[in-house]
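# here is a sequence with its predicted model. Questions after.
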Amino acid sequence: MIAGILFAGLNSYAATYYVDASSGSAVASTNPAAPGNNIPNAITAAIATDNIYVAQGNYAQNLTMKNGVSIYGGYQTGTSFTVRNT
């Protein structure tokens with residue numbers, strides 16, 4: 001029972017994945033300074049309650065959404081995902 005309580009808190013916060021079409025890496029990234037360039041890879045890596053921030057750009061990718069994962073778009077490229085056009 002104690003082990004269950006200890007492990008239950010390991011993922012008690014939401015991760016944020018960053019995607020920018022101009023990035024050279026397809027790897028899902030939680031680092032805004034080194035975003036991935038592939039939305040489906042970020043969705044695959046994410047779990048419920050995680051967020052995906054997507055910079056402006058053209059993405060010719062098919063998406064399969066995942067329950068509990070939120071995607072936010074409109075972030076300006078080169079701003080470390082601090083400026084969003086809403």
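Arrived safely, thanks for sending. Residues are numbered from 1 along each chain as shown.

# contacts and neighbour counts: CA atoms only from here.
OK.

# what residue ranges in the chain score low on pLDDT?
Applying pLDDT under 70 to the chain picks out residues 1-12, 86.

# tell me the contacts of the residue nearest the centre of it?
Most central residue of the chain, judged by C-alpha distance to the mean C-alpha position with C-alpha atoms, centre = their mean, is Y17 at 2.2 Å. Applying C-alpha atoms under 8 Å, 6 or more residues apart in numbering to Y17 gives the contacts 28-32, 35, 42, 46, 50-53.

# buried sites along stretch 61-75?
69-71, 73, 75 (16 or more other C-alpha atoms under 10 Å).

# distance between the ends of that stretch?
With C-alpha to C-alpha, to the nearest Å applied, stretch 61-75 spans 18 Å between its terminal residues.

# ok, residues contacting stretch 41-60?
Stretch 41-60 has contacts (C-alpha under 8 Å, 6+ apart) with 13-22, 26-29, 36, 38-39, 64-77, 81.

# rerun at 6 Å
14-21, 28, 68-77 (C-alpha atoms under 6 Å, 6 or more residues apart in numbering).

# that one: how far from the chain's middle?
4 Å (C-alpha atoms, centre = their mean, to the nearest Å).

# follow-up on the earlier one: who does the residue nearest to the centre of the chain form a beta bridge with?
Per DSSP bridges, the residues bridged to Y17 are I52.

# where exactly do the helices run in this protein?
2-8, 39-45 (DSSP state H).

# buried residues in the last one, which are they?
Judged by neighbour count (16+ other C-alpha under 10 Å), helix 39-45 contains these buried residues: 39-43.

# so which of the residues you listed comes closest to N85?
Of all the buried residues of helix 39-45, N85 sits closest to I39, with 18.6 Å by C-alpha to C-alpha.

# find the nearest non-adjacent residue to that closest one, please.
Using C-alpha to C-alpha, 6 or more residues apart in numbering and skipping the chain neighbours, the partner closest in space to I39 is V19 (6.3 Å).
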